[in-house]
Structures are given as C-alpha cells and as structure tokens.
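1. Structure here, sequence nowhere to be found:
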C-alpha cells in the first residue's frame, strides 16, 4: 500500500475486523506505523509483535491453522515482505487464510536507488490467491468503498 496514511490504515483495520480477522502479527517498521496503530486501536483484534518477519509469517500461519480464521501479517516496505514468502507459500498450498499487509514506498521511487524500495507488487504472486494495491489515500466514500472491497476480496479469495 503505497503511502498509506492513517485514515486509510483505519479503514483497512475496520474492514479486516468486519471480515473475521481477530489476530494480527506485526513486524514493525516506520513505513507500517499507521497500519500498526490502526490495528492496535481496532477493538476485537489482538496484536502480536514478532520482530523477525520470517518467524512472524510462520507464527501467523500456525495461529490461522489452529483457529481456522484469517490472521493478518503486517510488515514494512522493501525486502521485509519477501521474508513472509515461505509461510505464504505454505498457507497457499494448505489453504490457510493469511492477510498479508505490506507498507510500500511511493511507486515513483521504485528503481531510483532509494532504501527499502523494491518492486513489491507481485513479490508473492505465485503463492497468493489475491493481490491488491490500495490508493495512497481513501478520503472520499468511493475510495473507502474500494479499500473495503479489496480487503473483502482478499479474505474471500
């Protein structure tokens, strides 16, 4: 989600809760801070902090497997999302629901030599049932509906 602002993050957290997410495993970073805050503030969702992204992925996988409900994963931008790949692949083949939320740098910064800026779009595409890219901001009703629909489509995929 490039440039996700605080309002957008709260829309995502509310939508995730409304669609059955009760746990989120967080590997914090500065780019994902709005998401972390939004999920922390969201009633009904328990936050679990795991610094190492690879470990976080497998912890979320185990939680989703045991509970039978989707678990969200949050990480910062750049290569952090790649560390979720082993758990995402396992979840894909075992049909265990994970909602992976990765912050991202603005798209125009990609391939410009900026730190924490990689080609994130499609990074996990071989092992996900759905991938969406949210707009930078969801300040109007149509954009809020779009953000909610993306989360819903991801969880129903």
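-> Thanks, I have the structure now. Keep in mind that what you see is a predicted model, and the values were worked out from it rather than measured.

2. Past the host helix or strand of residue 93, which element shows up next along the chain?
-> Under the criterion of DSSP states H and E, residue 93 resides in helix 85-94. Sequence order places strand 98-102 as the next helix or strand after helix 85-94, per DSSP H and E.

3. what's the angle from that following strand to helix 85-94?
-> Angle, strand 98-102 to helix 85-94, by axes from the mean of the first three to the mean of the last three CA atoms, to 10 degrees: 150 degrees.

4. tell me the mean pLDDT over the following helix or strand past strand 98-102?
-> The helix or strand immediately downstream of strand 98-102 is helix 141-156, counting by DSSP H and E. On average, the pLDDT along helix 141-156 is 79.

5. Check which residues of helix 141-156 are buried.
-> Using 16 or more other CB atoms under 10 Å as the test for burial, helix 141-156 gives 143, 144, 147, 148, 150, 151, 154, 155. All C-beta spots, glycine's among them, are computed from the backbone N, C-alpha and C.

6. try stretch 66-80
-> 70, 71, 72, 73, 74, 75, 76, 77, 78, 80.

7. How about stretch 94-103?
-> For stretch 94-103, by 16+ other CB under 10 Å, it's 96, 97, 98, 99, 100, 101, 102, 103.

8. how much space between the first one and residue 84?
-> If I follow you right, that is residue 96. 13 Å (CB to CB, to the nearest Å).

9. Kindly report the same for residue 58.
-> Per CB to CB, residue 58 is found 9 Å from residue 84.

10. Give me the more crowded residue out of these two.
-> Neighbours were tallied for residue 58 and for residue 84 using other CB atoms under 10 Å; the higher tally belongs to residue 84 (27 against 17).
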